[in-house]
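> attaching a predicted model along with its sequence, questions to come.
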Amino acid sequence: MTMQIWPSMLAADFARLADEAALVAETADWLHIDVMDGHFVPNLTIGLPVVAALHKHAALPLDCHLMISDPDRWAPDYAAAGARNVTIHAEAASAPVRTLRAIKSAGARAGLALNPGTAVDPYADLLPEIDLLLVMTVEPGFGGQPFLDLVLPKVRRARELIARHGGEVWLQVDGGVTEDTIGRCAEAGADVFVAGTAVFGAAEPAAAVEHLRAAAEAAGRSRIGDSAG
Ligand code: DX5
Ligand code: ZN
């Protein structure tokens with residue numbers, strides 16, 4: 001299983017987004033952009049114009065994590081703005097199948113996110129519709145929160161459901177991912193790791209990405225029954 005590290009721009013200097021993105025361009029896989037509307041989560045960040053602007057200057061593909069109340073209305077526009085993946089929250093979407101298909105029609109990969117209190121089993125039937133499943137490892141809204149170990153059984157369950165489904169669905173974790181916690185996520189079956197503070201809070205963000213990747217790969221190799229290594 002290939003382990004991917006996606007730095008979260010939420011922890012970067014918002015006045016220097018392109019420069020911050022360039023810091024990790026050689027070592028990271030994608031960039032994670034947290035779009036918050038002040039309604040679905042109690043925080044307000046960036047929207048379409050900033051995503052479109054960063055798309056012009058960033059070398060890595062952009063992943064937009066929509067923490068907004070009306071993803072059905074806005075998600076395809078993020079794909080049109082240049083996002084390579086657009087993730088909507090299960091708790092916010094009114095018509096997830098239609099919206100996931102609209103994201104793909106607009107040219108992006110489609111992701112579905114689950115809050116810590118949202119079970120994964122009710123969404124198993126949606127796996128054929130998605131390219132990425134995001135299991136939140138903090139309550140969404142803010143960077144720098146402590147990792148919630150209580151979510152790990154759901155990461156394991158999600159990996160089982162993806163294996164049973166048989167398609168290629170990336171399993172992403174987001175929130176409190178650090179060199180200390182990333183191994184537990186990888187061992188549970190995650191393969192895409194969002195890290196904000198652990199990357200941009202580090203003295204050397206590019207090296208921090210490499211350290212996170214090494215820790216994830218070491219834990220992934222020890223996964224029981226993972227013949228792919
Ligand atoms: C939280 C966001 C995360 C956040 C993670 O709602 O979805 O992407 O940036 O930040 P850290 O890695 O600092 O927990
Ligand atoms: Zn996020």
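Done, it's in. Ligands and ions are numbered 1, 2, ... in the order given.
> what does stretch 203-215 contact?
The contact list for stretch 203-215 (C-beta atoms under 8 Å, 6 or more residues apart in numbering) reads 3, 5, 7, 20, 23-24, 26-28, 177-179, 182-183, 186, 193, 195, 198-199, 202. For the C-beta atoms, the positions are set from N, CA and C on the backbone; glycine is no exception.
> may I see the buried residues of it?
Neighbour counts over stretch 203-215 (16 or more other C-beta atoms under 10 Å) mark 205-206, 208-209, 211-213, 215 as buried.
> quick one: that stretch to chain centroid distance?
17 Å (C-alpha atoms, centre = their mean, to the nearest Å).
> quick one: is that stretch near ligand 1?
No. Using C-beta under 6 Å from any ligand atom, we find that stretch 203-215 stays clear of ligand 1, coming within 10.3 Å at best.
> any idea of the mean pLDDT in stretch 80-92?
The pLDDT scores in stretch 80-92 average 98.
> measure it end to end?
Counting by C-alpha to C-alpha, to the nearest Å, you get 21 Å between the two ends of stretch 80-92.
> list the buried ones in that stretch?
81-90, 92.
> residues from this structure in reach of ligand 2?
The chain comes close to ligand 2 at residues 34, 65, 174, as judged by C-beta under 5 Å from the ion.
> per-residue pLDDT of R223, please?
The model reports R223 with a pLDDT of 79.
> SS state for it?
coil (DSSP: H, G, I helix; E, B strand; the rest coil).
> give me the neighbour count for L17.
L17: 19 surrounding residues under other C-beta atoms under 10 Å.
> now it, nearest residue through space, not along the chain?
Spatial nearest neighbour of L17, chain neighbours left out: L54 (5.5 Å); criterion: C-beta to C-beta, 6 or more residues apart in numbering.
> gap between that neighbour and ligand 2?
Noted for L54: a distance of 15 Å to ligand 2, by C-beta to the ion, to the nearest Å.
> what residues does whichever strand or helix holds that residue touch?
Taking DSSP states H and E as the criterion, L54 maps to helix 48-57. The contact list for helix 48-57, computed with C-beta under 8 Å, 6+ apart, reads 9, 17-18, 21, 31, 33, 35, 62, 64, 74, 77-78, 81-83.
> give me the sheet partners of whichever helix or strand comes after it and which way each runs.
Remark: after helix 48-57, the chain's next helix or strand is strand 62-67, criterion DSSP H and E. Strand 62-67 sits in its sheet next to strand 31-36 (parallel), strand 85-89 (parallel), going by DSSP bridges.
> including distance to ligand 1, could the ones you listed go into CSV?
Shown next, in CSV, are the strands paired with strand 62-67 (distance: least, C-beta to the nearest ligand atom, whole Å):
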stretch, distance to ligand 1
strand 31-36, 5
strand 85-89, 10
